[in-house]
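Engineer: sequence and predicted structure are below.
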Amino acid sequence: MKSARVFFILLCIMLVIAPPAQAWNAVGHSLIAKIAYARLKPEERKKVFDILRQHPHFKDYLQAELPAGADEQEWAFMRAAVWSDWVRPPRNFQGNIDEHPIHKFHRSTWHYINYPYKKGQTDLTLGEPIRQPFNIEQQIPLSVNLAKAGGRRDDGAAAGVTAEQNRAVRTCWIFHLVGDVHQPCHVTAFVDPVRLPLGDEGGNKTSLRVDIGAEPTKLHTLWDAMLGTDADPESIAELGESLLKDPKLQPAKLPEASNGDVKTWVQESYKLAVSAAYLNGELPIVLWDDYKSGAVPVQDVPILPVGVEKKARAIARRQAVIAGQRLADKLREVIE
C-alpha cells in the first residue's frame, strides 16, 4: 500500500486532470462538509464518523495528512466530501478499472444530471433530462437509503467490499453529491439545435474569459472554483467561520435549507444556472473545442459582463451554506 503522502500527491494530481464531471473543487466540497459538521450535534458527528471508519480507504485517504491538532472527525468529514473525486481514474488510465483498488469505486454519471436549457426559453419548469443511465437526482436518495443500517443490496457496489464498507462508501457519496447538486452547472446543459444538440455538458463545452486579460476557461471550471482555490485547511476554516457567522446566511434567513426534496434542489440549481451562469441566454456561446483548435481566436472568446463574477460568488457561498445544512439533515437520516 502506498504511503499517505503518495495518496495526497495523487489527490492533487487528480484534481487537476480529473474528467469534466467534477463539480466544486476540493475547497468547495470540504467547505460544505465543514458547515454540515457544524450543524450536527457531537453525538451525531460521532455516529457518522463511526460509519466512515469502516471505509476501505479510511486510513489511506479519509485520515491521511491529518493536520496537527485537527479534529479527526471533522477532517474525516472534509475528506469524505472529496473522496468521490479522488477515486476518478486519470485520463490515460489503462487496465481493468473494476479490479483497481481505488478507481473501481468511480461512478462518472452519478455526479450530474443534464436538464436542457435553450436560449429564449421562458418556462423553467424541469422537463425531461438528457438521457443518461444513472444520475445525481436518483443517486442521492438511493445513497441515503443504502447507507442506513440494514440497507438493502446495492447493485452499484464495487466488487470485494463488505456491507459495512459499502455503507461507508455510500455515505461518502452522500457527502459529495449533496455538494455537487448545489453547483448550478451540474444539473443544466445549454442546448443549441445545430452546434450543441446534446447540450454543452454543464458548461464543459462553453468557453469564456473573466476579464480582458484573463485566459479563456470553461464555464463549468469557473463555477467549480467559485468558493475559492486555497485548499489550505486554515483558509477553509476561516472561510467556513465567515459563512457560518454571516448574518445573511443564518438558518432563519434560509428557511428553504430545511427542504429535503432532491427534486426541489435540482430545480433551484437549474434556475440559478439559467440566470447566473448562462445569463438568461445572453451569454455568447463559443465552443471550447473551437477556441482550443484555433478556429476561434482568443479575442473572440466572450468576456463576462462587469459584476457577473461577484454575483456568482455570492450565489456560490449561499449555495454552500444551504448545501451544508441539507447534508447535515441527510446524514441524520442515515444514523436515525
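Structural biologist: Noted; the coordinates are in hand.
Engineer: only C-alpha atoms for contact and neighbour calcs from this point on.
Structural biologist: Noted.
Engineer: correct me, but Val82 touches His176?
Structural biologist: Yes: using C-alpha atoms under 8 Å, Val82 is in contact with His176, at 6.4 Å.
Engineer: name the helix or strand of the chain that has the lowest mean pLDDT.
Structural biologist: Every helix and strand in the chain was compared by mean pLDDT, DSSP states H and E; the lowest is helix 4-17, with a mean of 36.
Engineer: pull the residues that contact the helix or strand just after it.
Structural biologist: Note on helix 4-17: by DSSP states H and E, the next helix or strand toward the C-terminus is helix 26-39. Residues from elsewhere that reach helix 26-39, judged by C-alpha atoms under 8 Å, 6 or more residues apart in numbering: 15, 45, 74, 77-79, 81-82, 175-176, 179, 224-231, 236-237, 239-240, 244, 320-321, 323-328.
Engineer: try it again at 6 Å.
Structural biologist: 77-78, 81-82, 227, 231, 320, 324-325, 327-328 (C-alpha atoms under 6 Å, 6 or more residues apart in numbering).
Engineer: and stretch 263-270, by the same measure?
Structural biologist: 182, 184, 187-188.
Engineer: closest to Asp261 out of the residues you listed?
Structural biologist: Distance to Asp261 across the contacts of stretch 263-270 (C-alpha to C-alpha) is lowest for His182, with 12.7 Å.
Engineer: need the contact list for the closest one.
Structural biologist: With contacts defined as C-alpha under 6 Å, 6+ apart, His182 is in contact with 269, 319.
Engineer: before we move on, what about the one 4 residues further on?
Structural biologist: Taking C-alpha under 6 Å, 6+ apart as the contact definition, His186 lies against 112, 202.
Engineer: for it, give its distance to Glu128.
Structural biologist: His186 sits 15 Å away from Glu128, taking C-alpha to C-alpha, to the nearest Å as the criterion.
Engineer: which SS state does Tyr291 fall under?
Structural biologist: helix (DSSP: H, G, I helix; E, B strand; the rest coil).
Engineer: lowest-confidence entry in the contacts of helix 26-39?
Structural biologist: Lowest pLDDT of the contacts of helix 26-39: Ala231, 91.
Engineer: give me the neighbour count for it.
Structural biologist: Burial of Ala231, expressed as a neighbour count using other C-alpha atoms under 10 Å, amounts to 15.
Engineer: roughly how far apart are it and Met78?
Structural biologist: The value you get for Ala231 to Met78, if C-alpha to C-alpha is used, is 11 Å.
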